[in-house]
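the following block contains a protein sequence and its predicted model.
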Amino acid sequence: MISIKEMGKQNVIVPEELAVKSMMAIAADPAHRSALLPPRSAGLVVGCTSYKRFVTQHDVGGGARINAWVDSMRASSPTHAKAAAALSASLEASHDEKYHKWVKQHPSALSNFDDIVAASKGKQIVMFLDYDGTLSPIVDDPDRAFMSDAMREAVRDAARHFPTAIVSGRCRDKVFSFVRLRELYYAGSHGMDIKGPSKTTKHTKAKGKGVLFQPASEFLPMLDEVHKALLQKTELIPGSRVENNTFSLSVHFRCVDEKIWSSLAEMVRSVLKDYPNLRLTLGRKVLEVRPSIKWDKGKALEFLLESLGFGDRNDVFPVYIGDDRTDEDAFMVLRDRGQGAGILVSKFAKETHASYSIREPAEVKEFLSRLVGWKRLPSSKN
Ligand SMILES: O=P(O)(O)OC[C@H]1O[C@H](O[C@H]2O[C@H](CO)[C@@H](O)[C@H](O)[C@H]2O)[C@H](O)[C@@H](O)[C@@H]1O
């Protein structure tokens, strides 16, 4: 039994066995299979699309799925892995060894900078930047995930030279309030809310301003309802937090005791069982509730390229930088198009469709600055 007493209102006991049993019931229900997480063996982070493919093709038993659910929540946390590694020098060594092997397959975008710019020669670079974990460091309080002024300058400079978009799981207004650059495109709610720049630049002249695309508008009343239900259900889970991202909802468990992650997951899924048109995905210590439409950050990238007039052109070089599972959809689009460069921000070995890696936001800033420096060189025009 897990006792949740210290949370005010009334004393509540959440029996873990009960939570697990009802989770098994949900897991066994084919109507909710699409919302299930990968199996226990999926220790590494997988891209959203591969995961979607996986869950439709495999049918493991309920108990295994529940363990998989919580395992996935654990595996989604690099800081968890980091903390574990810090506990023992030997673990750290094995982590390093694993990382060094991985980084050979996903080489540093900084060390391979010359190759990247050489591949972009004669093409228009278009920058796509995820926000959390890419432009701002991951912090406990989602309302305080500020980007530094230096990072803002680097993004501003990049946008002077290349069309630039922020592609985030956050609500568009919220991510704009952090970035505060009017010359950028913004795709909020995992790409389901796309708006053009409100400030003209040489790249955005004559392009549509204002809202460009909101493919999930009809889900707004449903998401509002679910938001309220999630707030109510999770209010007694210490450290949990529900964030309304307009066309998606985030249930954060970064500050929730690991022992009650399964209870939180069960609560979320008990709310979702009445909403088969919503799906659940996993980010960095966050459960994401999203409309079950075929739209993701990859589709947003394609939409933006199209809006910029590069839909089916070969002279474009999209660079997408992101740290999250949801960014995998965009990395995969780049792979499928055989264009540009996908760069994963990670200090840890992760399964990814990105070609390159970068260790942390500070390196993202350095990459952007080097790109701008290169673009200013007369030789970059050849
Ligand atoms: O696509 P992104 O821009 O990366 O947004 C994904 C989610 O990011 C935020 O949560 C993450 O960052 C928080 C602040 O550092 C951190 O506390 C949380 O654990 C991370 O999951 C944001 O709050 C979510 O709404 C976004 O969906």
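Cool, got the structure.

now this structure against the ligand: closest residue?
In the chain, no residue comes nearer to the ligand than G169, which is 2.7 Å away by CB to the nearest ligand atom. From N, CA and C alone the C-beta is placed, and that goes for glycine too.

that residue touches D324, doesn't it?
Yes: with contact defined as CB atoms under 8 Å, G169 reaches D324; the gap is 7.1 Å.

in this protein, which spans are strands?
2-4, 12-14, 124-129, 164-167, 185-188, 193-195, 211-213, 241-244, 249-252, 278-283, 286-291, 316-322, 341-345, 356-358 (DSSP state E).

closest to E97 out of those?
strand 356-358 (16.2 Å; CB to CB).

give me the pLDDT value at L37.
Per-residue confidence (pLDDT) for L37: 27.

and for D224?
So D224 comes in at 98 (pLDDT).

before we move on, the earlier item: weakest of the strands of the chain by average pLDDT?
strand 12-14 (a mean of 25).

where are the low-confidence patches of the stretch 51-200 of the chain?
Applying pLDDT under 70 to the stretch 51-200 of the chain flags the ranges 51-70, 75-93.

give me every residue in it lying close to the ligand.
Counting by CB under 6 Å from any ligand atom, the stretch 51-200 of the chain comes close to the ligand at D130, Y131, D132, G133, I138, V139, D140, P142, A145, S168, G169, R170.

adding neighbour count and distance to E183, write those out as JSON lines.
Output for these, formatted as JSON lines (neighbours: other CB atoms under 10 Å; distance: CB to CB, whole Å):
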{"residue": "D130", "neighbour count": "25", "distance to E183": "18"}
{"residue": "Y131", "neighbour count": "23", "distance to E183": "16"}
{"residue": "D132", "neighbour count": "24", "distance to E183": "21"}
{"residue": "G133", "neighbour count": "22", "distance to E183": "23"}
{"residue": "I138", "neighbour count": "19", "distance to E183": "26"}
{"residue": "V139", "neighbour count": "13", "distance to E183": "26"}
{"residue": "D140", "neighbour count": "12", "distance to E183": "31"}
{"residue": "P142", "neighbour count": "17", "distance to E183": "25"}
{"residue": "A145", "neighbour count": "19", "distance to E183": "21"}
{"residue": "S168", "neighbour count": "32", "distance to E183": "17"}
{"residue": "G169", "neighbour count": "28", "distance to E183": "22"}
{"residue": "R170", "neighbour count": "26", "distance to E183": "19"}
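
show me which of those is closest to S355.
Nearest to S355 among these, with distances taken as CB to CB, is D130, at 15.8 Å.

show the contacting residues for that closest one.
Listed by CB atoms under 8 Å, 6 or more residues apart in numbering, the contact partners of D130 are I166, V167, S168, K297, Y320, I321, G322, D323, D324, D327, V345.

counting neighbours, which of the residues you listed comes out on top?
D327 (34 neighbours; other CB atoms under 10 Å).

burial of K199, as a residue count?
11.

shift numbering so it begins at 538
In the new count, where the first residue is 538, that last one comes out as K736.
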